[in-house]
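Student: Mind looking at a prediction? Sequence and model below.
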Amino acid sequence: MRIVHVSDCYSPRTGGIETHLGELSRIQSERGHDVHVLTAEQGTNGERHGAIELEGGVTVHRLGTKMPLRAPWNPLGGVLGSRLLDQLHPDVVHAHAGIMCPLSLGVAKAAMARGIPVAITWHSMLDHSRHVLAPWARLTGWGDVPAALSAVSRVAAGEVQRVYGGEVRILHDGIDQTRWAPSPEPPADPPTLRCVAAARLVPKKGLGALISAFAEVVDDLPRWTIALDIFGEGPDRPRLEAMIRQRNLDGIVRLRGRKSADELLGEYHKAHVFCSPSRREAFGIAALEARSAGLVVVGRRGNGHDEFLTDGVDSILVDDMRELRRALIRLATDPARFRALSDHSRSVTPDFSYERVNDDTFGEYYRAMELARAGARLT
């Protein structure tokens, strides 16, 4: 099968969509499919304007242009993508969508106009933008399209359904679960509860709120009972550094920068708890990686975490930062409670392997083909 993935963002940018799509494309190529990725993201050396790269068996078409801050956008990206559809003649187009995704949705619409089967997966929450997107979808004909619509979690699917209507199925993100495995030996009962977080340093990830909550936890416990390492980079770093200094958390809360997957796994094997303070995670690949590596996760209830975390069994899910603070104090002062959650997290791994997710993805491709055939019969 010739598969064309379309994503505004892709490697070398790091993030949930980029990680998932890179691995999914690789597995599909290894299974003998002809896989292409169309992206507005520039290459490592600024490759753009239709430059082609071969990554393993995957052909990557760089349709971006030179933009401030290397933003993944090109006003002519949709035109370039449409031309590629006529050259490649794909069996299916899989668009990976977020809130702002002009290339993905533009190429998807061009594919549907050509009668090509289209699957569209949303990887982010629509948030307040759904109030603008819903009337836009009705005005532009997106409210009734012959595409297989999906989202990475139930909560994200609900938002997509309210905007676009029709059936929206669940198509989870995946991870390499042979890599993200627990350490052979369980962590010792901690004299210092080592907490970690991993995210792009941007306000929506809630890391500022986590640092504030952590300062209150430290005030309520003997010093060095608990510590926090935050992994990642981003524009919010100066503000977070200032918060750490102002709250007298130097050495207790550390910004450790971006790490490779192998480096991050090594850090997880030395840690006890993963903190995920974001209120609006469509799925939460970082939390799933930590959970699969055997960490106890403390995260927000009512978002994509609900797909793979069970409150009181392998994690503690909270409604607000006040509850998160209480959860961390409980784990730091109640070794039996920590051990019960840790033992389950280390012994029971949720099945979100790329192999399983790829099989589910092909189910969406076949649904897209049936919808395209039905649309052709109607016209």
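Tutor: Perfect, thanks for sending it.

Student: What segments of the chain are helices?
Tutor: Shown for the chain, the helices assigned by DSSP state H span residues 16-30, 77-88, 102-113, 130-140, 154-164, 207-220, 237-246, 261-269, 285-292, 321-333, 335-347, 354-378.

Student: Mind listing residues that contact the first one?
Tutor: So the one you mean is helix 16-30. 3, 5, 7, 9-11, 35, 37, 41, 55-58, 96, 98, 123, 173-176, 282-286, 354-355, 357-358, 361 (CB atoms under 8 Å, 6 or more residues apart in numbering). Yep, even glycine has a C-beta here, placed from its N, CA and C like the rest.

Student: Run the chain-centre distance for it.
Tutor: Distance of helix 16-30 from its chain centroid, counting by CA atoms, centre = their mean, to the nearest Å, is 12 Å.

Student: quick check: angle from it to helix 261-269?
Tutor: 120 degrees (axes from the mean of the first three to the mean of the last three CA atoms, to 10 degrees).

Student: repeat for the fifth one
Tutor: Counting by the same axes, to 10 degrees, helix 154-164 points 130 degrees away from the direction of helix 261-269.

Student: With the third one instead?
Tutor: For helix 102-113 against helix 261-269, the angle by the same axes, to 10 degrees is 110 degrees.

Student: buried ones in helix 102-113?
Tutor: Judged by neighbour count using 16 or more other CB atoms under 10 Å, the buried positions of helix 102-113 are Leu103, Ser104, Leu105, Gly106, Val107, Ala108, Lys109, Ala110, Ala111, Met112.

Student: Let me know whether the fourth one touches Gly78 as I believe.
Tutor: Yes - using CB atoms under 8 Å, Gly106 is in contact with Gly78, at 3.4 Å.

Student: Can you say which of the helices of the chain is nearest to Asp229?
Tutor: Smallest distance to Asp229 across the helices of the chain (CB to CB): 6.8 Å, for helix 261-269.

Student: now the closest one and helix 285-292, what's the angle there?
Tutor: Using the same axes, to 10 degrees: helix 261-269 against helix 285-292 is 50 degrees.

Student: list the helices and strands helix 261-269 packs on?
Tutor: strand 193-198, strand 226-231, helix 285-292 (3 or more CB pairs under 8 Å, 6 or more residues apart in numbering; DSSP states H and E).

Student: Averaged pLDDT, the first one. What do you get?
Tutor: When you say that, I think you mean strand 193-198. Strand 193-198 comes out with an average pLDDT of 97.

Student: go on, the last one?
Tutor: Here helix 285-292 scores 96 as its mean pLDDT.

Student: so what secondary structure elements neighbour that helix?
Tutor: Partner elements for helix 285-292 (3+ CB pairs under 8 Å, 6+ apart): helix 16-30, strand 193-198, helix 261-269, strand 273-276, strand 296-300.

Student: Can I get these in CSV including distance to Gly375 and mean neighbour count?
Tutor: Below are the helices and strands packed on helix 285-292 laid out as CSV (distance: least, CB to CB, whole Å; neighbours: other CB atoms under 10 Å):
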stretch, distance to Gly375, mean neighbour count
helix 16-30, 25, 20
strand 193-198, 42, 24
helix 261-269, 41, 16
strand 273-276, 40, 26
strand 296-300, 39, 26
